[in-house]
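Visitor: The following comprises the amino acid sequence and a computationally predicted model.
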Amino acid sequence: MWYKLLMAYSIDFHKKVLAYCKRTDSITEASDLFQISRNAIYGWLKLKEKTGELNHQVKGTKPRKVDRDRFKNYLTDNPDTYLTEIASEFGCHPTTVHYALKAMGYTRKKEPHLHEQDPEKVALFLKNFNSLKYLAPVYVDETGFGTYFY
């Protein structure tokens, strides 16, 4: 009995149930007899009225707004473009571009933590540091401090 809950009903079964409903003019009676919900019968009636058939609706993949191959080629040629520029190129919204990039595994550009050093500032630091050579080095163990002393 549980297998009926997990499987779709056959088209022959749809036809039998709908023929019984037409003969008796009672959807409730048909649902009790065939042990299916009235909503299922109403759905089949709507499907037959809309399409003229009782075939199962085949659901495929969603059509994509952005052609992924063309998109990937565009990104390799133009790696520094903004979302708005890409969206205008492909005729869609920047949010669409964002989700397509996310689905394809692209991430945001990360700002590097290390910046180029200013040579003048480095020279000034080394000059000041070298002027302290006459002092003895002091090593401080900071593991016991609970506050910052600067």
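Guide: Thanks, I have the structure now.

Visitor: From now on I want contacts and neighbour counts done on CA atoms only, so please keep to that.
Guide: Fine.

Visitor: If you average the pLDDT over stretch 26-34, what comes out?
Guide: For stretch 26-34, mean pLDDT rounds to 90.

Visitor: And the residue lying farthest from the centre of the chain, which helix or strand is it part of?
Guide: Within the chain, the residue lying farthest from the chain centre (CA atoms, centre = their mean) is residue 134, at 61.8 Å. For residue 134, there is no helix or strand it lies in under DSSP states H and E.

Visitor: Which stretches in the protein count as helices?
Guide: 3-6, 11-24, 27-34, 38-51, 68-77, 83-90, 94-104, 119-130 (DSSP state H).

Visitor: As CSV, could you dump the C-alpha coordinates of stretch 72-87?
Guide: Extracted as CSV, the C-alpha positions of stretch 72-87 are listed here (Å, rounded to 0.1, in the frame of the first residue of the first chain):
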residue,chain,number,x,y,z
LYS,A,72,33.1,31.7,-19.6
ASN,A,73,34.9,32.9,-22.8
TYR,A,74,33.9,36.5,-22.1
LEU,A,75,35.3,36.2,-18.6
THR,A,76,38.7,34.9,-19.8
ASP,A,77,38.9,37.7,-22.3
ASN,A,78,37.7,40.4,-19.9
PRO,A,79,38.6,39.4,-16.3
ASP,A,80,38.4,42.9,-14.8
THR,A,81,34.8,43.8,-15.9
TYR,A,82,32.1,44.8,-13.4
LEU,A,83,28.9,43.0,-13.0
THR,A,84,27.0,45.8,-14.6
GLU,A,85,29.2,45.7,-17.6
ILE,A,86,28.8,42.0,-18.0
ALA,A,87,25.0,42.3,-17.6
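
Visitor: quick one: buried residues of that stretch?
Guide: Residues 83, 86-87 are the ones in stretch 72-87 that count as buried (16 or more other CA atoms under 10 Å).

Visitor: Name the nearest of the residues you listed relative to residue 12.
Guide: residue 87 (48.2 Å; CA to CA).

Visitor: All set, thanks.
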